[in-house]
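K.L.:
here is my input, please return the structure:
(chains A and B, ligands or ions: 2)
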Amino acid sequence: MIKLQNIEKVYRTDTIETLALNGINLHVAKGEFLSIMGPSGCGKSTLLNIMGLLDEPSNGQLHIDGHTVTKLSDKELAGFRNKRLGFIFQSYHLINDLNVLDNVELPLLYRKVNAKERRRLATAALEKVGLSNRLRHFPTQLSGGQKQRVAIARAIVGEPEIILADEPTGNLDSAMGNEVMDILIQLNQQDKTTIVMVTHDEQMARKTHRLVRLFDGAQVQ
Amino acid sequence: MFRHLLKLIWNKKKHHLLLVVEIFVSFLVIFSLTSMLVYYYRNYMKPAGIDDRNIWQVNYYDVTKPKQIDSLRQFYAMMYQQLKNTKGIEEVSFVSNNTPYSANMHRSSVGINKRNAENTDIYEGTETYASLLGMQMESGRWYTKDDMAGKYPPAVIGVALKEELFPDKNAEGQVVKVDDTEYKVVGVVKEAKYRGDFQESGKSVFIPLDTSSLKRNTTILMKVSPAVFNDANFEGQVYKQLVSWLKGVNIEIQHLDERHRSMDRLAIIPVIILLIVSAFLIINVALGTFGVLWYNINKRKGEIGLRRAIGATGMNVNQQLIGESMVIATLALLLGCFFAVQFPLLHVFDIASSTYIIAMVLSVLFIYLLVLLCSIYPGKQAAAIFPATALHED
Ligand SMILES: Nc1ncnc2c1ncn2[C@@H]1O[C@H](COP(=O)(O)OP(=O)(O)O)[C@@H](O)[C@H]1O
Ligand SMILES: [Mg+2]
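P.N.:
Ligands and ions are numbered 1, 2, ... in the order given. This next block holds a predicted model:
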């Protein structure tokens, strides 16, 4: 499903050059639930961003579902992200000026979906994460766990094949973290969604199919 | 997408209030300015109706002094003959002091039966008045001495008054009431812009000046030949002659074209003031729009990054930011137009509605253009942000 070949990423600022990723080779199978672990600053987010087409690798090849996705135009990249990828972030990235329903509808705004259909799909997605009673709430009125569930609903509303989650439980206590984790496992098992998750939590990682460890931009396991 | 923009802005209305108010106030000031400019322009494009070249205006004050004058009519007839016979003076008219380009006004309602035209300017002058000022007839003729013998004294009315009183019939032969005296209309004269190039001519009626009345005979107009118009010697001679007739009276000779120019300059002053105020407000709106978008880009990097992540192109982000400022502008303009439209609706000033409508359209376009221009650069900047960078920095 996702194939990385010799992926390198170098960040260049005026004074320093950081080698964030150094020759990553990785294959994520369709329907797999993969977790990535490693110390802070080792390049986990960078790797996830490259898989999510949010960042370009400095070197190497990336294939998703048989498509070579390096060298796509901005418009093609946006379309690809919109239809095939769903993102979940540690800090949720909800838009505070929009209510829960509007936040979840957001990905559909960048597709040709009419308002009624958007509403229906968003409501269904929120039902899946158990938040159908919070449609008109604003993000500031929700707990961390609820916010992350809204973010998951937003990630799955467009029915993507791949979900990329960057420390989705990082800001949550263990109870709320487990709730979120359960939802992800369910998505993987029921909808066969491929999931790549970055985590700091060994326990969470153990619940996934496979664990990849990074150290200083290189794969160690 | 438009609904989405509205929702975003509505949910953040407090945040945008200042900019809405700024745009609203600017719109009103720009609307006043453009109303004035449109009004001025329309008037400026109309013919002057007056030939102000080579005309002296003699003002004399305190006419009650020359007590030796036994018969005023005879006295004025003598003055007229003597001046007319002076080489260099081509025409002379005794007129009321509301001459062209003067600040003096004599206004009243002029009417027939129950139909009254309010705020009509009443001008008085001897029969040479129109020819001296180069005024053109629309129909009929100017009054002459012979008209005085009739039942009603004669009057000439301007086109605007004719349109109001006699929209679909001949004015000639009609009787109008001016200041409680009835006059018979003998002609309609083309509009003459008495208050300079930029002001409307307004409704006007011209009636003979009674030279036996002391009060109103304070002004003489003289058309002189171009050769002597600026000749100080000649002016001195005429001045001495006048002093010898009007003993002990203050006399002043002015050039009508100069008065014309100074009146036009005066009309420009409010435009300049409004221009300065507008410029100040335009800068405010420009900085405000720019500032809000700049703030948006920096404070909403996370949102921008997220939108990119879920499928927005750089162009989508750009359009969203520009769209948001256009929605804010629209809110302010709706409010502004609501107030602006009251001017034609309530007839606040005696100005054609179309002038306001044109000014409104121009002002709306101007504000949109301004906001658009101030949004283009920040929008472009936002579009160029790399999604990973935007998400990282939040
Ligand atoms: N936009 C950036 N510019 C410069 N350096 C960056 C940028 N993003 C990440 N880095 C650097 O790359 C390395 C890997 O970062 P990251 O992938 O965020 O690590 P992790 O998610 O594992 O904590 C770090 O040293 C970080 O400082
Ligand atoms: Mg990270």
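
K.L.:
any stretches of chain B with poor pLDDT?
P.N.:
Within chain B, the segments meeting pLDDT under 70 span B:62-70, B:213-216, B:393-394.

K.L.:
let me see the ranges of the strands in it.
P.N.:
With DSSP state E, the ranges of strands along chain B come out as B:55-60, B:89-95, B:107-112, B:115-125, B:137-140, B:154-158, B:175-178, B:181-189, B:204-208, B:219-224, B:251-255.

K.L.:
in the last one, what counts as buried?
P.N.:
Okay, so that is strand B:251-255. Judged by neighbour count (16 or more other CB atoms under 10 Å in any protein chain shown), strand B:251-255 contains these buried residues: B:251, B:253-255. Heads up, the C-betas are built off the backbone N, CA and C, glycines and all.

K.L.:
elements contacting it?
P.N.:
strand B:55-60, helix B:232-245 (3 or more CB pairs under 8 Å, 6 or more residues apart in numbering or on different chains; DSSP states H and E).

K.L.:
show me what contacts the residue nearest to B:Leu335 when sequence neighbours are not counted?
P.N.:
Of all residues not flanking B:Leu335 in the chain, B:Phe24 sits nearest, at 5.2 Å (CB to CB, 6 or more residues apart in numbering or on different chains). Neighbour list for B:Phe24: B:332-333, B:335-336 [criterion: CB atoms under 8 Å, 6 or more residues apart in numbering or on different chains].

K.L.:
quick one on the thing from earlier: pick the most buried one from the helices and strands packed on strand B:251-255.
P.N.:
Stretch with highest mean neighbour count among those: strand B:55-60 (a mean of 20; mean count of other CB atoms under 10 Å in any protein chain shown).

K.L.:
for it, the distance to its chain's centre please.
P.N.:
A distance of 25 Å separates the centroid of the chain from that of strand B:55-60, by CA atoms, centre = their mean, to the nearest Å.

K.L.:
what does it contact?
P.N.:
Contacts for strand B:55-60 (CB under 8 Å, 6+ apart): B:97, B:99, B:132-133, B:218-224, B:229, B:235, B:238, B:242, B:246, B:249-257, B:259.

K.L.:
one more time with 7 Å
P.N.:
B:99, B:218-224, B:242, B:246, B:249-256, B:259 (CB atoms under 7 Å, 6 or more residues apart in numbering or on different chains).

K.L.:
which of the residues in stretch A:120-128 are buried?
P.N.:
In stretch A:120-128, counting by 16+ other CB under 10 Å, buried: A:121-123, A:125-126, A:128.

K.L.:
what sits against the closest residue to chain A within the stretch 251-394 of chain B?
P.N.:
In the stretch 251-394 of chain B, the residue that lies nearest chain A is B:Gly311 (2.5 Å; CB to the nearest CB). Taking CB under 7 Å, 6+ apart, we find B:Gly311 in contact with A:78-79, A:81-82, A:107, A:110.

K.L.:
on that earlier part again, can you redo the strands of chain B as JSON lines with distance to ligand 1?
P.N.:
JSON lines is the format used below for the strands of chain B (distance: least, CB to the nearest ligand atom, whole Å):
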{"stretch": "strand B:55-60", "distance to ligand 1": "79"}
{"stretch": "strand B:89-95", "distance to ligand 1": "84"}
{"stretch": "strand B:107-112", "distance to ligand 1": "75"}
{"stretch": "strand B:115-125", "distance to ligand 1": "72"}
{"stretch": "strand B:137-140", "distance to ligand 1": "79"}
{"stretch": "strand B:154-158", "distance to ligand 1": "76"}
{"stretch": "strand B:175-178", "distance to ligand 1": "85"}
{"stretch": "strand B:181-189", "distance to ligand 1": "80"}
{"stretch": "strand B:204-208", "distance to ligand 1": "76"}
{"stretch": "strand B:219-224", "distance to ligand 1": "83"}
{"stretch": "strand B:251-255", "distance to ligand 1": "76"}
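
K.L.:
just these: most buried one?
P.N.:
strand B:154-158 (a mean of 27).

K.L.:
now A:Asp65. Its backbone dihedrals?
P.N.:
Per-residue torsions, A:Asp65: phi 50, psi 40 (degrees, to the nearest 10).

K.L.:
return the distance of the residue nearest to B:Leu335 relative to ligand 1.
P.N.:
41 Å (CB to the nearest ligand atom, to the nearest Å).

K.L.:
from the buried residues of stretch A:120-128, which ones fall inside helices?
P.N.:
Of the positions in the buried residues of stretch A:120-128, A:121-123, A:125-126, A:128 sit in helices, assigned by DSSP state H.

K.L.:
ligand 1: which of these is nearest?
P.N.:
A:Ala125 (27.0 Å; CB to the nearest ligand atom).

K.L.:
is it true that the closest one touches A:Val104?
P.N.:
Yes - contact criterion CB atoms under 7 Å: A:Ala125 and A:Val104 qualify, at 5.6 Å.

K.L.:
okay, and the common contacts of the two?
P.N.:
Listed contacts common to A:Ala125 and A:Val104 are A:153, A:157; contacts here mean CB under 7 Å, 6+ apart.

K.L.:
returning to that earlier point: looking at the strands of chain B, which is closest to B:Ala388?
P.N.:
Closest to B:Ala388 of these is strand B:115-125 (CB to CB; 71.0 Å).

K.L.:
contact partners of that closest one?
P.N.:
Under CB under 7 Å, 6+ apart, the answer for strand B:115-125 is B:93, B:95-96, B:98, B:105-111, B:161, B:164-165, B:178-179, B:194, B:202-209, B:216.

K.L.:
on that earlier part again, so can I have CSV of the ones in helices among the buried residues of stretch A:120-128 showing pLDDT and distance to chain B?
P.N.:
Listed next are these as CSV, based on pLDDT from 0 to 100; distance: CB to the nearest CB, whole Å:
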residue, pLDDT, distance to chain B
A:Leu121, 97, 14
A:Ala122, 97, 13
A:Thr123, 97, 17
A:Ala125, 96, 13
A:Leu126, 96, 16
A:Lys128, 92, 17
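
K.L.:
so B:Ala267 is in contact with B:Lys193, correct?
P.N.:
No - assessed by CB under 7 Å, B:Ala267 is found out of contact with B:Lys193, at 10.9 Å.

K.L.:
quick one: which of the helices and strands packed on strand B:251-255 is nearest B:Gln174?
P.N.:
That would be strand B:55-60 among those, by CB to CB, at 31.0 Å.

K.L.:
the closest one pairs with which strands?
P.N.:
As defined by DSSP bridges, the strand partners of strand B:55-60 come to strand B:219-224 (antiparallel), strand B:251-255 (antiparallel).

K.L.:
can you count the residues close to A:Ile7?
P.N.:
By other CB atoms under 10 Å in any protein chain shown, the residues close to A:Ile7 number 24.

K.L.:
show me the contacts for it.
P.N.:
A:21, A:24, A:50, A:57, A:60, A:62.
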